[in-house]
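Colleague: Need the 3D shape of this:
(chains A and B)
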Protein chains: 2
Amino acid sequence: MIPKKKETSAGKRIDKIKQLRRQEPSASALIEGIRIGDKAHLARAITLIESSNQDHSEKANEIIEGCLANNKESIRVGITGVPGVGKSTFIEALGKMLTGLGNKVAVLAVDPTSSLTKGSILGDKTRMELLAKDPNAFIRPSPSSQSLGGVARKTRESIMLCETAGYNVILVETVGVGQSETVVHGMVDFFLLLKLAGAGDELQGIKRGIMEMADGVVINKADGANKTEADKAKVEFTGALHLYPAKENNWYPKVLTCSALHNEGITDIWDMITDYTTIAKKSRSFHRNRIQQNQNWFLETVNHNIYQNFYTNPEVKHELDKLLLAIQKNQISPFFAARKLLALQNTP
Amino acid sequence: MIPKKKETSAGKRIDKIKQLRRQEPSASALIEGIRIGDKAHLARAITLIESSNQDHSEKANEIIEGCLANNKESIRVGITGVPGVGKSTFIEALGKMLTGLGNKVAVLAVDPTSSLTKGSILGDKTRMELLAKDPNAFIRPSPSSQSLGGVARKTRESIMLCETAGYNVILVETVGVGQSETVVHGMVDFFLLLKLAGAGDELQGIKRGIMEMADGVVINKADGANKTEADKAKVEFTGALHLYPAKENNWYPKVLTCSALHNEGITDIWDMITDYTTIAKKSRSFHRNRIQQNQNWFLETVNHNIYQNFYTNPEVKHELDKLLLAIQKNQISPFFAARKLLALQNTP
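Modeller: Model prediction:
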């Protein structure tokens, strides 16, 4: 016979916990939890941010406003590279080193494809098993929003919550094959490109513009038979990067090699990033960059809401489908259809 | 003594013409003029479309709606290639050949950089002196709008007016170095990429994606010492293009060579384009593509207007500047600033 749990004191405790978990904490409780660095509260708040439910969105707004006052120091690092370059292993090695130095590390992902392939690049925490178990690390997969814009907006807000929760290093991971790198570049202080030696850009699927965005390039898997090739690639990339104009603060992107798997070269990479931030803070470009990013964030938020207010209007939704069909059947011109839909904007 | 013009009958006629020119024709007069193929009326209507003056925009809308009924057959060809590839010479050669065959040819340009450099790629009609003088050709430089979106919208509307005016071949020219090719690709039936032999993609400044958009690639300046090189490049490009998946209608992009300067190979290029349209019309993909483009045009027009309605509100303009400054001074968060600005949307 199975003993009734409720009758034991341990059973009662478990039930209490389960009950608490079922209860959705209030916005103020979540803000309080985030401020003291509670991971469960942080995770729950991010879930609210990512939700498309209207009730959730109001609560999310409340939480975001409650977390805005924070002005903690942080460094936001974007990490990109095509699948197979070893991003997870690299982030785990870097993250473990950083928590070892007393940092609190949050790992967020921007992967607009994850909603299509139904698998986030960070969906499986087992990819970073050690880091996931680290009490000073917080790992969050990509929000499964439909659009890149949506994912970006939510990631920006998540970064802010993580910083309020005391995470001082934010690593934002993305796949370097689409537009998402530009978006991530627009929300970080330092942008790192992971590459492999030997494989050309064509094979690595890296878009040309990404090299230009990078503040640092790291050639991963520089171990064993690959070592010589990696060193050669380092020289080549260093030369190539000098062809681009210097960044605002006279920073020339550096090229380093590492073996994330064998934990080699990771410290040097972090030294490069802190060198960069020291220089950038001195020249105020760090500060100016964040202001620019905040202004862009502001404008993107406004634009998103203007569109959303229009397209979520039930009358607009209904008419939109009708007009798209009418255009398909060649019954109406695009121009005239637009005027018809826009006429709904001014009706209450 | 200079004779008074008014007293001679020739002088009276000249004055009458000058007076008519000064008079801004009504929308219905312009529509009528466009319908009978009057170039001056067409040009004036396009100027109204391109104007940012509010009064002009209402008149422009009236003209566009008046021209919508037209359903004349036409073929819209996008032509891209970096500066120096010989686009003007090519378009002149192609245009002259086409008018010689009894076609009416309109040449429009999409060049978002022209407003910055203060010189349109088509600003100087002397670049196509012969075609400019051809009674069956109409050449129009790029509208000097600020944004690519604005230029695109205006070009779409201009295409429609040209078609109403009886132009059955529309050539849309753009520089293959930015985003404008994607925009032009979205408004044409056939997309042609002009290249030179010998120069690599890097040197030619062609973005990778453009090769994938091309329905045809033409290697220009295949004359004299360049001939062998051009033939070699033709073989290489043909091979490279076969690596991409076939287009919707099983069309594999073709590679041809020509010498626009010596009028060689131009007929073959037009044959390729008509082969394409025959196939595409048979498979209905020509039709489907135009519907898709019309639906996109519709959505872009709606989005542009939603945007404009919001940002031209004087209160929004005023508050926007204040909020951007407050963000710069770190006095307000982007998120909260967005909420403040959006609150103005619902106030009349």
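Colleague: By mean pLDDT, point me to the weakest helix or strand of chain A.
Modeller: helix A:114-117 (a mean of 44; mean pLDDT, DSSP states H and E).
Colleague: Surely residue A:293 is in a helix?
Modeller: Yes - assessed with DSSP: H, G, I helix; E, B strand; the rest coil, residue A:293 lies in a helix.
Colleague: Looks like it contacts residue A:187 (just checking).
Modeller: Yes - counting by Cβ atoms under 8 Å, residue A:293 touches residue A:187, with 6.2 Å between them. Bear in mind the C-beta positions are built from the backbone N, C-alpha and C, glycine included.
Colleague: Mind jotting down where the helices sit in the stretch 151-300 of chain A?
Modeller: Using DSSP state H, counting those that start in this stretch, the helices of the stretch 151-300 of chain A run over A:180-185, A:201-204, A:208-213, A:227-241, A:266-282, A:285-311.
Colleague: in the stretch 201-348 of chain A, what spans have low per-residue confidence?
Modeller: Along the stretch 201-348 of chain A, the model assigns pLDDT under 70 to residues A:201-209, A:346-348.
Colleague: Show me what from it comes close to chain B.
Modeller: Within reach of chain B by Cβ under 8 Å from any Cβ of the partner chain, the stretch 201-348 of chain A has these residues: A:207-208, A:291, A:294-295, A:297-298, A:301-303, A:305-307, A:309-310, A:323-324, A:327-328, A:330, A:333-339, A:341-342, A:345.
Colleague: The stretch 1-150 of chain A: helices as residue ranges?
Modeller: Using DSSP H, counting those that start in this stretch, the helices of the stretch 1-150 of chain A run over A:9-22, A:27-35, A:39-50, A:54-67, A:87-100, A:114-117, A:129-133, A:148-164.
Colleague: Mean pLDDT lowest where, among those?
Modeller: The stretch with the lowest mean pLDDT among the helices of the stretch 1-150 of chain A is helix A:114-117, at a mean of 44.
Colleague: How about the contacts made by the residue lying closest to residue A:29 once chain neighbours are set aside?
Modeller: Leaving out its chain neighbours, the residue that sits closest to residue A:29 by Cβ to Cβ, 6 or more residues apart in numbering or on different chains is residue A:41, at 7.5 Å. With contacts defined as Cβ atoms under 8 Å, 6 or more residues apart in numbering or on different chains, the neighbours of residue A:41 are A:25, A:29-30, A:32-34.
Colleague: coming back round to it: let's have the helices of the stretch 1-150 of chain A in TSV, adding distance to residue B:237.
Modeller: Listed next are the helices of the stretch 1-150 of chain A as TSV, based on distance: least, Cβ to Cβ, whole Å:
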stretch	distance to residue B:237
helix A:9-22	61
helix A:27-35	56
helix A:39-50	45
helix A:54-67	50
helix A:87-100	34
helix A:114-117	32
helix A:129-133	47
helix A:148-164	32
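Colleague: Not counting its own residues, what contacts stretch A:64-74?
Modeller: Contacts to stretch A:64-74, defined as Cβ under 8 Å, 6+ apart, come from residues A:27-28, A:31, A:34-35, A:49, A:157, A:160-161, A:163-164, A:166-170, B:333, B:335-336.
Colleague: Mind listing what's buried along it?
Modeller: When neighbours are counted by 16 or more other Cβ atoms under 10 Å in any protein chain shown, the buried residues of stretch A:64-74 are found to be A:64, A:66-67, A:70, A:74.
Colleague: so which of the residues you listed comes closest to chain B?
Modeller: residue A:64 (5.5 Å; Cβ to the nearest Cβ).
Colleague: For that closest one, give its distance to residue A:157.
Modeller: 6 Å (Cβ to Cβ, to the nearest Å).
Colleague: and chain A, what are its domains?
Modeller: Taking automatic domain parsing as the domain assignment, the ranges for chain A are A:21-66, A:70-284, A:297-346.
Colleague: Residue B:89: which of these is closest?
Modeller: For these, the distance to residue B:89 is smallest for domain A:70-284, at 28.7 Å, taking Cβ to Cβ.
Colleague: on that earlier part again, please identify the most buried of the domains of chain A.
Modeller: Counting by mean count of other Cβ atoms under 10 Å in any protein chain shown, domain A:70-284 has the highest mean neighbour count of these, with a mean of 19.
Colleague: Determine how far that domain lies from the middle of the whole chain.
Modeller: Relative to its chain's centre, domain A:70-284 lies at 10 Å (Cα atoms, centre = their mean, to the nearest Å).
Colleague: Now do the residue lying closest to residue A:170 once chain neighbours are set aside against residue A:91, distance only.
Modeller: Once flanking residues are discounted, residue A:170 sits nearest to residue A:76: 4.5 Å by Cβ to Cβ, 6+ apart. Distance, residue A:76 to residue A:91, using Cβ to Cβ: 14 Å.
Colleague: What of residue A:35?
Modeller: The gap separating residue A:35 from residue A:91 is 26 Å, by Cβ to Cβ.
Colleague: now swap in residue A:260 and tell me
Modeller: Distance, residue A:260 to residue A:91, using Cβ to Cβ: 8 Å.
Colleague: same question, residue A:241
Modeller: Residue A:241 is 23 Å from residue A:91, by Cβ to Cβ.
Colleague: do residue A:338 as well
Modeller: 45 Å.
Colleague: cool, and residue A:315?
Modeller: From residue A:315 across to residue A:91, the span is 47 Å (Cβ to Cβ).
Colleague: And stretch A:298-305, how far out from the chain middle?
Modeller: Computed by Cα atoms, centre = their mean, the chain-centroid distance of stretch A:298-305 equals 18 Å.
Colleague: Please report how far residue A:253 lies from chain B.
Modeller: Distance of residue A:253 to chain B, given as Cβ to the nearest Cβ, to the nearest Å: 19 Å.
Colleague: correct me, but that residue touches residue A:215?
Modeller: Yes - in this structure, residue A:253 is within contact of residue A:215 by Cβ under 8 Å, at 5.6 Å.
Colleague: Now the common contact residues for those two.
Modeller: Here residue A:253 and residue A:215 share the contacting residues residue A:247, scored by Cβ under 8 Å, 6+ apart.
Colleague: Quick check: nearest residue in space to residue A:194, chain neighbours excluded?
Modeller: residue A:81 (3.2 Å).
Colleague: Name the residue of the stretch 51-200 of chain A with the shortest distance to chain B.
Modeller: At 4.4 Å from chain B, residue A:68 is the closest residue in the stretch 51-200 of chain A, using Cβ to the nearest Cβ.
Colleague: For that residue, give its distance to residue B:333.
Modeller: Counting by Cβ to Cβ - residue A:68 and residue B:333 are separated by 4 Å.
Colleague: Then residue A:87?
Modeller: Distance, residue A:87 to residue B:333, by Cβ to Cβ: 30 Å.
Colleague: got it, and residue A:244?
Modeller: Counting by Cβ to Cβ, the gap from residue A:244 to residue B:333 is 33 Å.
Colleague: and the helix or strand hosting residue A:342, what other elements does it pack with?
Modeller: Element membership of residue A:342 [criterion: DSSP states H and E] is helix A:334-343. Under the contact criterion of 3 or more Cβ pairs under 8 Å, 6 or more residues apart in numbering or on different chains; DSSP states H and E, helix A:334-343 touches helix A:314-328, helix B:54-67, helix B:285-311.
Colleague: Tell me which residues are up against that helix.
Modeller: Under Cβ under 8 Å, 6+ apart, the answer for helix A:334-343 is A:316, A:319-320, A:323, A:326-327, A:332, B:61, B:64-65, B:68, B:157, B:160, B:294-295, B:297-298, B:301-302, B:305-306.
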